[in-house]
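J.: Structure for this input, please:
(2 chains)
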Amino acid sequence: AQSVTQLGSHVSVSEGALVLLRCNYSSSVPPYLFWYVQYPNQGLQLLLKYTSAATLVKGINGFEAEFKKSETSFHLTKPSAHMSDAAEYFCAVSDPDSSASKIIFGSGTRLSIRP
Amino acid sequence: EAQVTQNPRYLITVTGKKLTVTCSQNMNHEYMSWYRQDPGLGLRQIYYSMNVEVTDKGDVPEGYKVSRKEKRNFPLILESPSPNQTSLYFCASSPYAIEATEAFFGQGTRLTVV
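T.: Below is the predicted model of the structure:
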């Protein structure tokens, strides 16, 4: 069965510092992987996705993530945090061979930015 | 503007009083689903629909019903709400039931059952 683990329910960084949000997955086949962002009082929107093409995926707002099969990880990074990055971030996984058409979400990481 | 619209955004109700949360998308998407979001648990899928008249249970379907009579609408029905259904609910749609496709989310419905 697939699962997603996000390490750290809350991450706080200073403005201008590196952002690193961790995500590890468990899947029996190479999965599709996603990062979504949720701003306060809004729905989720897609930041980026990995679909077995390039292992380094670039998304919106300067974020990127690297798929590492050997580590079963898909960590999200941004070189320099901005105050507007404060939000909740969700890692998600789906099984390309599944007929269930289900995306499984992690428990989320709340990112705070210190001035 | 392409969007998924949920109504209402906020709802307070009493135990046992039937309610419906509506969801509509204007992108002609085939696939729609409902999630609930609870602190520390992320999003859990309640029900999904791969096309008109085709619905199936997700991970936490108990206490919920759905219908898909039209492609654009996918209402969530709570026949007899209970306090443990107090949560933040999201409707989402995708062009096809293909996992690599981006899901578009509504703004959410915050439900409180007292």
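
J.: C-alpha from now on. contacts and neighbour counts both.
T.: Will do.

J.: buried sites along the helix or strand A:Ser112 falls within?
T.: Using DSSP states H and E, A:Ser112 sits in strand A:109-114. The neighbour-count check on strand A:109-114 (16 or more other CA atoms under 10 Å in any protein chain shown) flags A:Thr109, A:Arg110, A:Leu111, A:Ser112, A:Ile113 as buried.

J.: which regions of the chain sit below the pLDDT cut-off?
T.: Using chain A here. A:1, A:28, A:95-101 (pLDDT under 70).

J.: Chain B was what I was after
T.: Looking at chain B by pLDDT under 70, you get B:97-100.

J.: what does it put close to chain A?
T.: Residues of chain B found near chain A (CA under 8 Å from any CA of the partner chain) are B:39-45, B:58, B:90, B:97-100, B:102-108.

J.: Centre-most residue in chain B?
T.: Central residue of chain B (CA atoms, centre = their mean): B:Trp34, 2.9 Å from the mean position.

J.: tell me the contacts of the closest residue to that one other than its chain neighbours?
T.: Nearest residue to B:Trp34, sequence neighbours excluded (CA to CA, 6 or more residues apart in numbering or on different chains): B:Cys91, at 4.6 Å. Each residue near B:Cys91 by CA atoms under 8 Å, 6 or more residues apart in numbering or on different chains is listed here: B:Val4, B:Gln6, B:Cys23, B:Met32, B:Ser33, B:Trp34, B:Tyr35, B:Phe105, B:Gly106, B:Gly108.
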